[in-house]
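Asker: Sequence first, then the predicted structure:
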Amino acid sequence: MDYSFVEGLSPGSGDLMNRIFARRGFVSGWLGRPVPRAILLACICYLPQLLLAMADGVFDGSILGFRHDYAAIVQYLVTVPLLVLADAFVDPYIRGAIAQFDEAGIIPEGKEGEYRDLASRYARAARSRWVDLAAILLSLPIGWSWILPDLAAARADPSFTPWLAAGSGAGVRLSLAGIYAGAIANPLSWYLLIRWIWKAFVWVAFLYRVSRFELRIRPGHPDRAGGLGFLSTAQSAFGILIFALGCNVAATTAYNTTIEGTRLTDYANLVILAGFIVLAPSIFIAPLLAFTRRLYRAKREGTRVWGIYASRVAREVDERLAETLTADRRSGEGIGMVSGELGDAIGAAPDIREAMDTIRQMHVVPFDFISLGRLFLAAAGPLLPLILDSIPALDPAFKLLSGILGGGE
């Protein structure tokens, strides 16, 4: 079945950026590939700022120079490319999940057309040009939100010399790099993030609407999620987005500890790090709770039905076996081999036991621990170097490593 109609519901399809690339003829060329496109946007964000900072003398003039702004550098060279690459990574999982609801017979009979209409409607909402316009309008003020306060602080305090400001005394002005950051680089990076937030929201809303169908849950399905285990895989694909944001969180925290002099164990830093590690994965797990009620009902009903079936089979086996043994004793032939329908019933016992074990182990949230681990690893991974660096017992190891990398100096 063709599911090309859902273009736009998956995060990498149908928005303004992709339409611009398509209009310029880049989609069929090398810029249609995720990696070159990611490199191009990273270069657009970073390289002009680098050159302008050097030209304006704010690249390395102080500890607040452009080269020391880890948060900005990671945002442009790591987060932006990952947000672009995530399009191609998440897209097949989303499309596959949309198709599997229908092709696996989970959508109730007679509701397939309604389901496809629902997917089409949400796809149109995801690629709405009004949403693109709103993302642009939001990204512009957000892009300036930390630049203008720094400029005001630099004018008020001559000792505060961020790379966003150039000049001295009454002549303090926005640096050329700061102007580029506020006008181009920051809005572009925030646009990429806002469109992700919107399309992730649309995907979550779509899942909620699907959960309202009388889904055909199979309690004995080997995925131990009633046949909805594919949703766990689809949601874990968003780990690349969590990792991208985690890199930005780690870089910002590193800037705070190395430049602003805070400690990693300070309350504010701990709240940010712990909050991100816990909340970021939870955002993508929580939508699957919408299926919990139906999964619980299916598990309860499956346990009841299979329990009745197992009891009937066991009773039938006991009764027939007793009749067979009694007949064998009366005939004086001894106990013979069990065969026929009775043998088949006895042979089915392991299959029944396996099915009941599967039902008992069925998850009422369609999420497995492997996928959960991937999301938490994606959240904690970028923060691990900061955490290790804060452990005093590891200082000798870091010094040794530094000496080796520094050629023994």
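Answerer: Done, it's in.
Asker: tell me, how many neighbours does the spatially closest residue to residue 225 that is not a sequence neighbour end up with?
Answerer: Leaving aside its chain neighbours, residue 225 sits nearest to residue 366 (4.1 Å; criterion: C-beta to C-beta, 6 or more residues apart in numbering). (Glycine included, C-beta is placed from N, CA and C.) The number of residues packed near residue 366 is 28, by other C-beta atoms under 10 Å.
Asker: do residue 276 as well
Answerer: 21.
Asker: Where does the closest residue in space to it that isn't next to it in sequence fall, secondary structure wise?
Answerer: Distances taken as C-beta to C-beta, 6+ apart place residue 249 nearest to residue 276, at 5.2 Å, with adjacent residues excluded. Element membership of residue 249, judged by DSSP states H and E, is helix 239-258.
Asker: Pull out the buried residues from that helix.
Answerer: Residues of helix 239-258 classed as buried: 239-257 (neighbour count, 16 or more other C-beta atoms under 10 Å).
Asker: And for stretch 370-388?
Answerer: 371-372, 374-383, 386.
Asker: Can you show me the strands along the stretch 1-150 of the chain?
Answerer: Taking DSSP state E, counting those that start in this stretch, the stretch 1-150 of the chain contains no strands at all.
Asker: ok, the nearest residue to residue 219 once chain neighbours are set aside to residue 267 distance?
Answerer: Closest residue to residue 219 apart from its sequence neighbours, by C-beta to C-beta, 6+ apart: residue 302 at 2.8 Å. Separation of residue 302 from residue 267 (C-beta to C-beta, to the nearest Å) stands at 48 Å.
Asker: Could you chop this structure up by domain?
Answerer: Using automatic domain parsing, the domain ranges for the chain come out as 4-290+367-405, 299-360.
Asker: got those as TSV, with mean pLDDT columns?
Answerer: As requested, the domains of the chain are exported to TSV (pLDDT from 0 to 100):
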stretch	mean pLDDT
domain 4-290+367-405	83
domain 299-360	72
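Asker: okay, these, which one's buried deepest?
Answerer: Comparing the domains of the chain by mean neighbour count (mean count of other C-beta atoms under 10 Å), domain 4-290+367-405 comes out on top with a mean of 17.
Asker: The lengthiest helix in the chain - contacts with which helices or strands?
Answerer: In the chain, taking DSSP state H as the definition, the longest helix is helix 292-331. With contacts defined as 3 or more C-beta pairs under 8 Å, 6 or more residues apart in numbering; DSSP states H and E, helix 292-331 has these neighbours: helix 340-347, helix 349-360.
Asker: rerun that using 10 Å as the cut-off
Answerer: Secondary-structure packing of helix 292-331 (3 or more C-beta pairs under 10 Å, 6 or more residues apart in numbering; DSSP states H and E): helix 186-211, helix 340-347, helix 349-360.
Asker: Could I get the contacting residues of the residue nearest the centre of the chain?
Answerer: Most central in the chain under C-alpha atoms, centre = their mean is residue 238, positioned 1.8 Å from the mean C-alpha point. Taking C-beta atoms under 10 Å, 6 or more residues apart in numbering, we find residue 238 in contact with 11, 86, 89-90, 93-94, 196, 200, 203, 280-281, 283-284, 374-375, 378.
Asker: Sweet, I'm off.
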